[in-house]
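K.L.:
My questions concern the predicted model and sequence given below.
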Amino acid sequence: ANGEKRVWSLNSFDIGRPLGKGKFGNVYLAREKTSKFVVALKVLFKRAVKENKIEHQVTREIEIQCSLKHPNILRMFGYFHDESRIYMILEYAPKGAVYAKLLSSPNKRFSEETAGAYIGQVADALQYCHSRNIIHRDIKPENLLLGVNEEIKIADFGWSVRNQSDRRTTLCGTLDYLSPEMILGETYDEKVDLWSLGVLCFEFLVGKPPFETSNSNNLCKNISEGEFKIPPYVSDDAKDLIRRLLVTESKYRIALNSVLKHPWILKHRAGKV
Ligand SMILES: CS(=O)(=O)NCc1cccc(-c2cn3c(Cl)cnc3c(Nc3ccc(N4CCOCC4)cc3)n2)c1
């Protein structure tokens with residue numbers, strides 16, 4: 001009512017099926033009892049948060065995601081906690097996780113049309129974040145969901161930060177998406193998201209990330225040297241954009257507003273104006 005912050009609790013919701021399992025807790029379908037509004041409820045166990053020393057990450061994820069309002073960023077409507085768990089009230093993404101769709105696609109890769117539309121939407125959302133001095137830092141298929149019209153919803157701002165900062169917490173999960181400057185532990189800025197956008201574009205079109213190798217120390221070497229090969233079936237326009245994003249020297253990476261005007265993106269933008 002009249003905009004003051006509502007105080008939520010678990011009995012405000014009917015809890016539905018689990019949507020997916022996360023590292024620190026699960027995500028459930030839920031419906032707010034009075035409005036019948038369907039949401040996703042992300043539940044984190046306080047013990048797991050403490051044990052992994054990610055309290056600051058969780059508070060930052062909540063603070064940042066509650067403040068962002070963009071069609072390609074998953075909304076967070078609020079949060080609450082009880083003695084053992086933290087609950088995040090999130091927008092429900094009815095078409096599931098992008099990585100699941102990627103795995104179930106023919107040859108485990110997207111068409112140029114699908115990939116182009118998705119990359120354009122991620123670039124739009126990143127431009128919005130960067131204009132608010134927010135770096136996502138963890139753009140990868142696992143953190144992308146799909147809305148009712150198959151539009152991209154960037155989720156999981158657990159790794160996002162406000163403007164420049166050095167990374168304190170050890171990274172978990174895949175290193176495939178890490179930029180050279182992050183791998184080398186140097187200071188970095190929002191251009192790390194441009195590198196990840198390049199890795200994402202490659203993985204959407206090829207079905208695997210560009211620097212993937214069998215053993216991991218080669219992975220870091222390949223990333224810092226920026227050595228990758230793009231298969232011949234990828235269009236010249238897409239190759240051009242990938243090459244302008246996967247530039248090891250961050251200051252030479254193509255800027256987001258140029259990405260949004262790139263021929264390959266313009267060709268596949270839904271509802272070209
Ligand atoms: C392989 S998978 O896609 O089934 N599950 C992977 C997975 C892991 C962690 C979190 C989620 C997740 C989080 N969500 C948030 Cl946060 C909001 N909406 C969703 C959200 N929505 C969602 C919507 C539909 C489906 N279906 C669609 C029909 O086919 C089966 C999956 C799954 C998740 N999912 C999904």
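P.N.:
Right, received. Where do you want to start? Numbers count the residues shown, from 1 in each chain.

K.L.:
Over to Leu145: give its phi and psi.
P.N.:
The phi/psi pair for Leu145 (degrees, to the nearest 10) reads phi -120, psi 170.

K.L.:
residues near it, how many?
P.N.:
By other Cβ atoms under 10 Å, 28 other residues sit near Leu145. Just so you know, the C-beta spots here come from the backbone N, C-alpha and C atoms, and that holds for glycine as well.

K.L.:
so it bridges to which residues?
P.N.:
Per DSSP bridges, the residues bridged to Leu145 are Ala97, Lys153.

K.L.:
ok, it touching Ile73?
P.N.:
No - at 10.4 Å, Leu145 does not count as touching Ile73 under the criterion of Cβ atoms under 8 Å.

K.L.:
Name the residues contacting each of those two.
P.N.:
Both Leu145 and Ile73 are contacted by Lys153, under the criterion Cβ atoms under 8 Å, 6 or more residues apart in numbering.

K.L.:
And the helices in the stretch 101-250 of the chain?
P.N.:
Remark: helices assigned in the stretch 101-250 of the chain by DSSP state H, counting those that start in this stretch are 112-131, 180-183, 192-206, 216-225, 236-245.

K.L.:
So for the ligand, which of those sits nearest?
P.N.:
Distance to the ligand, taken as Cβ to the nearest ligand atom, is lowest for helix 112-131 among the helices of the stretch 101-250 of the chain, at 15.3 Å.

K.L.:
what's stretch 60-70 in contact with?
P.N.:
Applying Cβ under 8 Å, 6+ apart, the contact partners of stretch 60-70 are 73-79, 88, 90, 124-125, 128-129, 132, 134, 156-158, 160-162.

K.L.:
Near the ligand, list only the ones from those residues.
P.N.:
By Cβ under 6 Å from any ligand atom, the members of those lying near the ligand are Leu90.

K.L.:
Just the buried subset of the contacts of stretch 60-70, please.
P.N.:
73-76, 78-79, 88, 90, 124-125, 128-129, 134, 156-158, 160-161 (16 or more other Cβ atoms under 10 Å).

K.L.:
Touching, Arg244 and Arg253? I think so.
P.N.:
Yes - counting by Cβ under 8 Å, Arg244 does reach Arg253; the two are 7.1 Å apart.

K.L.:
Find residues that contact each of these two.
P.N.:
Taking Cβ under 8 Å, 6+ apart as the contact rule, Arg244 and Arg253 both touch Gly198.

K.L.:
That'll do, ta.
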